[in-house]
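*Asks:* Here is my input, please return the structure:
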Amino acid sequence: MKLESWQKKELKHLTTKIGSGATPTGGKEAYHDEGLSLIRSLNVHDFNFIEKDLAFINETQAKKLNNVEVLENDVLLNITGASVARCCLVPKRILPARVNQHVSIIRANDKVLNPLFLHYILVSPKYKQRLLSISQGGATREALTKEFIESFQIEYPRIETQRKIAGTLSAYDDLIENNNKRIKILEEMAQKLYKEWFVDFKFPNYQNTKFIESELGTIPEGWSVGKIGDINSIKNGYAFKSQDLKDSGDISVIKIKNIQSGIIDVKDTSYITKDIAKKADRFELFKGDILIAMTGAQVGKVGVMPKTKKRFFLNQRVGKFILNKDYIKNNQFLLQFLKSDIFQLHINNTAQGAAQPNISSSQIENIRLLIPNKELLVSYENYVDANSKEVEILIAKNENMSETRDLLLPRLISGELSVEDLEVEI
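*Replies:* Just a heads-up that it's a prediction; the model follows:
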């Protein structure tokens, strides 16, 4: 029972703008290295905006999309494809910006509807399920039209209560974002050291190291030109049948869509029963497993399995790297190579397929790389291991805070739990 009177209205009566954009003529080839941000569906995730792979357009292109200029406090909603109904608030740091045709701007009338409160409504389980039902119930599968969004009804309290609810929930998200910034710094430190040691050859005592000629150019003596397969083999996932996959449960399946620009989204998954898990027991995933997408637009994208309380299994067309060398502790050397421009260039040159890009296990294993001497490799792994443990702690903290927020969210959004007595800085 609600502790105060809530109203119910369609979004068109609570907003000043609802609309999506377009992709500039030329598609990806028309993007630039800098300029105005072009927000795509891959950037929009529930609760947060992923800046990696953010596209940029120039002023001329932006003028053609002036009708979908993104403003501070705009809510972004994915409206097509597998990521339909994902939602976040635009971060101020990426403005000025425009959206493409797969993302809708929802601009709240802040006199009656708090933008952050609207965001939390749209990511809450009750409303998320309604959005998904709408997107999959029409003639066009997995799509939300402007008309659907405009007629979408929400319940809301008075503006002061909205602000308190939004402030309570955003306190958790702010802490999570701060931890993510720290994680990013630690990961950048590992990448910087990798480049310094294994690309620029400025490793400890490099001044006293002899360099020799190789098929890849001049390299330090004691290093070798090898292949990924010399260090790791790749195991493909299990071919789960469509009838095996459920919408809810305790055991999850990691698919290609879960590998998102260096991270693995462990929330947006399909589920399997314990009986199906027994059949696929060899494909269970564990903390630290490095995964790679092997098909589609995300081919070559990699991510690392975090420590989680749930069980996860690997789906087909996602590969898992398995160490062949006992002296490598945590596979960080390989991970940094997989994140490098060199590896992505190999992927782009190798991926094939008439309908969509594909790459096989053997093709990945045959990609060449420089393998340093054992002593240097062990030194690097030991150094990065300390960073990895700190990242693991921060990820665990984020998971706990996410769980607490997710428990509060439906109760606050429904009005079941009152925040009238809370003193929250907005």
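*Asks:* Just give me the longest helix of this structure.
*Replies:* Ranked by number of residues, the top helix in the chain under DSSP state H is helix 374-414.
*Asks:* Which strands and helices lie in contact with that helix?
*Replies:* With contacts defined as 3 or more Cβ pairs under 8 Å, 6 or more residues apart in numbering; DSSP states H and E, helix 374-414 has these neighbours: helix 115-123, helix 125-135, helix 159-194, helix 332-338. C-beta here means a position set from N, CA and C on the backbone, and glycine is covered the same way.
*Asks:* Mind doing that once more with 10 Å?
*Replies:* Packed against helix 374-414 by the contact rule (3 or more Cβ pairs under 10 Å, 6 or more residues apart in numbering; DSSP states H and E) you find helix 115-123, helix 125-135, strand 153-156, helix 159-194, strand 302-304, helix 332-338.
*Asks:* any idea how far whichever helix or strand comes after the last one is from the chain center?
*Replies:* Under the assignment DSSP states H and E, the closest C-terminal helix or strand after helix 332-338 is helix 341-350. Distance of helix 341-350 from its chain centroid, counting by Cα atoms, centre = their mean, to the nearest Å, is 21 Å.
*Asks:* The longest helix of the chain vs helix 115-123, what angle?
*Replies:* Orientation check (axes from the mean of the first three to the mean of the last three Cα atoms, to 10 degrees): helix 374-414 against helix 115-123 gives 100 degrees.
*Asks:* First-to-last residue distance for stretch 72-91?
*Replies:* 7 Å (Cα to Cα, to the nearest Å).
*Asks:* Off-centre distance for that stretch?
*Replies:* The answer for stretch 72-91 is 13 Å, by Cα atoms, centre = their mean.
*Asks:* Tell me where the model's unsure across the stretch 251-400 of the chain.
*Replies:* In the predicted model, the stretch 251-400 of the chain carries pLDDT under 70 at residues 261-262, 326-327, 329, 352-355.
*Asks:* Quick check on the spatially closest residue to A280 that is not a sequence neighbour: phi, psi?
*Replies:* Excluding the flanking residues, the one nearest A280 by Cβ to Cβ, 6 or more residues apart in numbering is Y238, at 4.2 Å. Y238 has phi and psi values of phi -90, psi 140 when expressed as degrees, to the nearest 10.
*Asks:* Grab the most central residue of the chain for me.
*Replies:* Ranked by distance to the mean C-alpha position of the chain (Cα atoms, centre = their mean), the top residue is Q260 at 3.7 Å.
*Asks:* so who does H13 touch?
*Replies:* Q7, N109, V112, L113, E150, Q153 (Cβ atoms under 10 Å, 6 or more residues apart in numbering).
*Asks:* Roughly how far does it sit from K111?
*Replies:* Between H13 and K111 the distance is 12 Å, computed by Cβ to Cβ, to the nearest Å.
*Asks:* overlap in contacts of those two?
*Replies:* Shared contacts of H13 and K111 (Cβ under 10 Å, 6+ apart): none.
*Asks:* Distance of the residue nearest to M305 when sequence neighbours are not counted relative to L334?
*Replies:* Distances taken as Cβ to Cβ, 6+ apart place D289 nearest to M305, at 4.3 Å, with adjacent residues excluded. Note on D289: its distance to L334, by Cβ to Cβ, is 12 Å.
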